[in-house]
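A.B. asks: generate a structure from the sequence data that follows.
(2 chains)
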Number of protein chains: 2
Amino acid sequence: FGELQVPEISASRVPPLLTDLYQFTMAYAYWRAGRHQEPAAFELFFRDNPFGGGFSLFAGLHDCLLFVRSFRFTDEDVEFLRSVLPPATEPAFFQFLRGLDCSGVMLRSVPEGTVVFARVPLMEVAGPLAVVQLLETSLLCLVNYASLVCSNAARFRLAAGPRRKLLEMGLRRAQGPDGGLTASRYTHIGGFDLTSNVQAGFLFGVPVAGTMAHSYVTSFTSLEEVWPQVSMLNGDPDPVDFISLTKGWLTRVCELLRAEHGKIREGELAAFLSYAIAYPQNFLPVIDSYSVGCSGLLNFCAVALALCELGYRPVGVRLDSGDLCRQSVDVRRVFRLCSEQFSISAFDSLIIVGTNNISEQSMAELNKKENEIDVVGVGTHLVTCTKQPSLGCVYKLVEVRGRPRMKISEDPEKSTVPGRKHVYRLIDAEGHPFLDLQCLAVEPPPEAGVSLSCYPLGCDNSSVSVTPAQVVCLRQEVFTKGQVRLGRATSFPFRQLVHIFVFSSEKSLVGFTPEVDWKSG
Amino acid sequence: FGELQVPEISASRVPPLLTDLYQFTMAYAYWRAGRHQEPAAFELFFRDNPFGGGFSLFAGLHDCLLFVRSFRFTDEDVEFLRSVLPPATEPAFFQFLRGLDCSGVMLRSVPEGTVVFARVPLMEVAGPLAVVQLLETSLLCLVNYASLVCSNAARFRLAAGPRRKLLEMGLRRAQGPDGGLTASRYTHIGGFDLTSNVQAGFLFGVPVAGTMAHSYVTSFTSLEEVWPQVSMLNGDPDPVDFISLTKGWLTRVCELLRAEHGKIREGELAAFLSYAIAYPQNFLPVIDSYSVGCSGLLNFCAVALALCELGYRPVGVRLDSGDLCRQSVDVRRVFRLCSEQFSISAFDSLIIVGTNNISEQSMAELNKKENEIDVVGVGTHLVTCTKQPSLGCVYKLVEVRGRPRMKISEDPEKSTVPGRKHVYRLIDAEGHPFLDLQCLAVEPPPEAGVSLSCYPLGCDNSSVSVTPAQVVCLRQEVFTKGQVRLGRATSFPFRQLVHIFVFSSEKSLVGFTPEVDWKSG
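C.D. replies: Model prediction:
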């Protein structure tokens, strides 16, 4: 999943009005009471790991940075607010809004793509009370889905294992155009290799892939639609009668497989021929528009063998319906047979792409059943996160004017842990992180080689003693004085942390120092 | 839910690169074979109603129209495509792309917000083969989520009944910023009254609402933070000692309810006072930041009674945790008690807002349990459609050069019904729609008062005879020759069709004429 670089996209995806109305009514009440400039700090965190799992990937930081950097109200914005806020709102408040920006805001954050855990404050947003309050909804919106879909991709990657290539192809089923674009971008960070989404390639450099849909295949009826009939394949100087060549191969393939020539769809063959003429180096058709065994596979083999004869290397096939595992085995058997029978070694390296409503569970089952699928395309279940379509990040006030703040709720799990904190990732002697430790910001940091006692989350009230071999500060200042500052943060992308997934359900990975009263929190 | 007007937003939400790469490889293959200008028609439909229900609302048309109207590739787009398409792609193809637009495309569609059913073609997109193929992913992306979230809103509205006001407030949990904006817009069409999303108000005129969050309440510690201490309430010329006035009322409320004064949170009282000073006409605080019964409700009553004494009308309270029904009954009892005891009739019309992870099911349960909730705010379950986070609209080729096309799949339900169709909604003598009839476009339309035979979907092979009292053509040409044409389409917004929900699970509402061979399709 490459580098976690921030590409240079200058526009924020979030205009400052894309927020809840109450942010403005609260800002007005602060302003009216003269409290709007009081220094305050909010923490952003989620209460439960998504998908019933033991971890999450944090994502969306880049979009948050663009948002705070460009946070400013236009005259038009302010005029609209004047029309929706209560008429009693004093005119001077709108002048105040017009002059607002994030130059007084400090944002401390976990790096993009980091493995994180529930209840750990991932971001701290500190600054003037009215301003940091106004940022709430937009920051949550940008982090929640990005982190969710990134975590989902990591789960698909874990289910798929390291070998198989994974293609994201969910745009059409995503929750809106931006949901699709966000998914393409953050599933790549979460472990996907490719996307079908061209705009994600354009904006974020994600590798794009794709060849043809069923509609392409069914749009052809007969070989008369192949053009030019005596064809110059792209890039080839000599005209060849590609149709006759392929027909010859089709007869040989039918004989080899004892297939009925009469069941073969001529339109499908015409579609494959036309595609191969257009892209002889990139031949990877979808072969189940009619019947894989009776038509699609035979047509593919014939065209691919003709291409091989002309010196091209066909790429492979896509299966999009039915039992992908069984079909892939059948297809691979035919590829091997052709390779042996016709001495065409290119048929040994053909790839099989499987795409048909793949879920995390069916991905995991691929590893248990015999199959020959090299690339898996995933759409709906990946991008809409059907298993849990939202992450519950919250944004809670923890300090005002240097005094810790907390909320006590009718629902105990909705209560918050007061005070600004620091978060340290403790590393063991093998270089593996084993605990994320939360301390109050005023406490001294843990030290490598020095024993400390802490309360692991969810382990009653009993403290444990741990000695880290190394201590890493998990969050860095990424925005201050109106400027984005992306330093050399220690990144923990998920592949370095595979061991965490194994243990995360067994033992707690988050601890508090004794000074943080997490029991009451 | 107001008029189904199209507001004047000029920019499309979808750049033409926001699509799958294979649309371009297919377009190239068509172009290379000289087939790109062949007249073709695609149909857009879904195979199953969402949420296990009997209907859907169609939405997203407005965005589709903006998309096709502005569909054009920039030089930058084309250069990017040149870098990702296979090197063999002929340069003339990129010139072809650069000159493309939708001036040759005709779009026929069901009106925005219409009740529709599975397998009925909602849109027909006809035009040059390569162009209508290129539109696929974007149109699907725009219709799928809009229709899904609109349908979800309609289900929440049905569960809530017509009386309760519904507030959409899901932006922070939505699948990206645009997911949130789309949700705010289309849940309004689906039956919601209000949104918290300011941008949705700005762009689409959806009424916005909201007052305060817990963070506002917890940011206050003491009455010293209320300012000015001797206050001019907004719009009131005479200064009053609002704090002392409220303190007096708090004592009387505590006596009335026999509450312990010592458990009352001073910070919460300060927050309520400050808000009431800022917005004396719009006082609706969230009262569960600490404890509804021991603090929040008492503080609310004190401030609200003080406001009433000064001639203002407090609005109500919001409950955001715990058992909303039980608490709302307790709160209402206290309101009535205050009204009687202090002869303050404004307390009889206070509203109670409930917001706490409301699902369609918990909304339905509100009607079974005793409660006093007037407004329900819904977030996560509404906007992310947790019950089913994607709608499976597909876009299938049905005709090329006047010849019907179909796909036969390894999965029978993925096969398509060939040929261009017309869709008629048949109305009975009481004015109720009772059947959507699909005919081939070449067949004569059904006539009012004339009996016809059709095959209801899913009823084996047996035809039924029906006589419509009225026949409405369900789809209209909405885009042709590069122009949007929104005529006086007969709209079927869901409130006119409540009877359908009752019957839709019992009998089929979709039929085919005998000429459409739907069995083989």
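A.B. asks: state the distance from residue A:347 to residue B:91.
C.D. replies: 33 Å (CB to CB, to the nearest Å). From N, CA and C alone the C-beta is placed, and that goes for glycine too.
A.B. asks: assign the residue positioned nearest the centre of chain A to helix, strand or coil.
C.D. replies: What sits nearest the mean C-alpha location of chain A, by CA atoms, centre = their mean, is residue A:187, with 2.1 Å. In three-state terms, and counting by DSSP: H, G, I helix; E, B strand; the rest coil, residue A:187 is helix.
A.B. asks: quick one: mean pLDDT over stretch A:424-439.
C.D. replies: Averaged over stretch A:424-439, pLDDT sits at 88.
A.B. asks: now do that stretch: distance from first to last residue.
C.D. replies: End-to-end distance of stretch A:424-439 (CA to CA, to the nearest Å): 8 Å.
A.B. asks: is any part of the longest helix along chain A close to chain B?
C.D. replies: Counting by DSSP state H, the longest helix found in chain A is helix A:136-160. Yes. Contact of helix A:136-160 with chain B (CB under 8 Å from any CB of the partner chain) involves A:136, A:137, A:138, A:140, A:141, A:142, A:144, A:145, A:146, A:148, A:149.
A.B. asks: how many neighbours does the last one have?
C.D. replies: When counting by other CB atoms under 10 Å in any protein chain shown, one arrives at 34 neighbours for residue A:149.
A.B. asks: next one, pLDDT for it please.
C.D. replies: As predicted, residue A:149 sits at a pLDDT of 98.
A.B. asks: would you confirm that it contacts residue A:382?
C.D. replies: Yes. The criterion here is CB atoms under 8 Å, and residue A:149 meets it with residue A:382 at 7.4 Å.
A.B. asks: for stretch A:245-254, what does the pLDDT average out to?
C.D. replies: Rounded mean pLDDT across stretch A:245-254 is 97.
A.B. asks: and the contacts of that stretch?
C.D. replies: A:259-261, A:264, A:269, A:273, A:298-299, A:301-303, A:305-306, A:309-310, A:338, A:342 (CB atoms under 8 Å, 6 or more residues apart in numbering or on different chains).
A.B. asks: quick check, residue A:283 in a helix?
C.D. replies: No. Under the criterion used here (three-state DSSP), residue A:283 is coil, not part of a helix.
A.B. asks: overlap of the contact sets of residue A:149 and residue A:382?
C.D. replies: A:183, A:187.
A.B. asks: the more surrounded of residue A:347 and residue B:91?
C.D. replies: Comparing residue A:347 with residue B:91 by other CB under 10 Å, the one with more neighbours is residue A:347, at 23 against 8.
A.B. asks: can you give me the pLDDT of that one?
C.D. replies: pLDDT at residue A:347 comes out at 98.
A.B. asks: do you know how far the closest residue to it other than its chain neighbours is from chain B?
C.D. replies: Excluding the flanking residues, the one nearest residue A:347 by CB to CB, 6 or more residues apart in numbering or on different chains is residue A:339, at 3.8 Å. According to CB to the nearest CB, to the nearest Å, residue A:339 and chain B sit 24 Å apart.
A.B. asks: so which elements touch the helix or strand that contains residue A:339?
C.D. replies: Element membership for residue A:339 (DSSP states H and E) is helix A:324-342. If contacts are counted by 3 or more CB pairs under 8 Å, 6 or more residues apart in numbering or on different chains; DSSP states H and E, helix A:324-342 sits against helix A:242-257, helix A:297-309, strand A:316-319, strand A:351-354.
A.B. asks: which one of the ones you listed lies nearest to residue B:414?
C.D. replies: Nearest of these to residue B:414, taken as CB to CB: strand A:316-319 at 12.6 Å.
A.B. asks: distance from the chain centre to the closest one, please.
C.D. replies: How far strand A:316-319 lies from its chain's middle: 25 Å, per CA atoms, centre = their mean, to the nearest Å.
A.B. asks: only C-alpha atoms, please: export that strand in PDB.
C.D. replies: This file holds the C-alpha atoms of strand A:316-319, laid out as PDB (Å, rounded to 0.1, in the frame of the first residue of the first chain):
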ATOM      1  CA  GLY A 316      -6.300 -13.800 -18.300                       C
ATOM      2  CA  VAL A 317     -10.000 -14.000 -17.700                       C
ATOM      3  CA  ARG A 318     -12.600 -12.600 -15.300                       C
ATOM      4  CA  LEU A 319     -15.400 -14.700 -13.600                       C
END
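A.B. asks: show residues contacting that strand.
C.D. replies: With CB under 8 Å, 6+ apart as the test, strand A:316-319 has contacts from A:211, A:284-288, A:292, A:296-297, A:300, A:327-328, A:331, A:350-356, A:373-374, A:377.
A.B. asks: mind redoing it with 10 Å?
C.D. replies: The contact list for strand A:316-319, computed with CB atoms under 10 Å, 6 or more residues apart in numbering or on different chains, reads A:210-213, A:283-288, A:292, A:296-297, A:300-301, A:304, A:325-328, A:330-331, A:335, A:349-356, A:373-375, A:377, B:22, B:410.
A.B. asks: stretch A:300-320: which residues count as buried?
C.D. replies: A:300-309, A:312-320 (16 or more other CB atoms under 10 Å in any protein chain shown).
A.B. asks: could you check the pLDDT of residue A:421?
C.D. replies: We have a pLDDT of 91 for residue A:421.
A.B. asks: where does chain A have its least confident helix or strand?
C.D. replies: When the helices and strands of chain A are scored by mean pLDDT, DSSP states H and E, helix A:498-503 comes last with a mean of 45.
A.B. asks: count of neighbours near the residue lying closest to the residue nearest to the centre of chain A once chain neighbours are set aside?
C.D. replies: Distances taken as CB to CB, 6+ apart place residue A:153 nearest to residue A:187, at 3.8 Å, with adjacent residues excluded. Residues near residue A:153, counting by other CB under 10 Å, number 28.
A.B. asks: with residue A:473 instead?
C.D. replies: Residues lying near residue A:473 (other CB under 10 Å) number 13.
A.B. asks: was I right to think it contacts residue A:421?
C.D. replies: No. With contact defined as CB atoms under 10 Å, residue A:473 does not count as touching residue A:421 (11.7 Å).
A.B. asks: and residue A:79, what does it touch?
C.D. replies: By CB under 10 Å, 6+ apart, the contact set of residue A:79 is A:73, A:94, B:202.
A.B. asks: adding distance to residue B:362, write those out as CSV.
C.D. replies: Formatted as CSV, the contacts of residue A:79 follow (distance: CB to CB, whole Å):
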residue, distance to residue B:362
A:73, 37
A:94, 39
B:202, 31
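A.B. asks: can I assume residue A:86 is in contact with residue B:281?
C.D. replies: Yes. When contacts are counted by CB under 10 Å, residue A:86 is listed as touching residue B:281 (6.0 Å).
A.B. asks: all good on my end, thank you.
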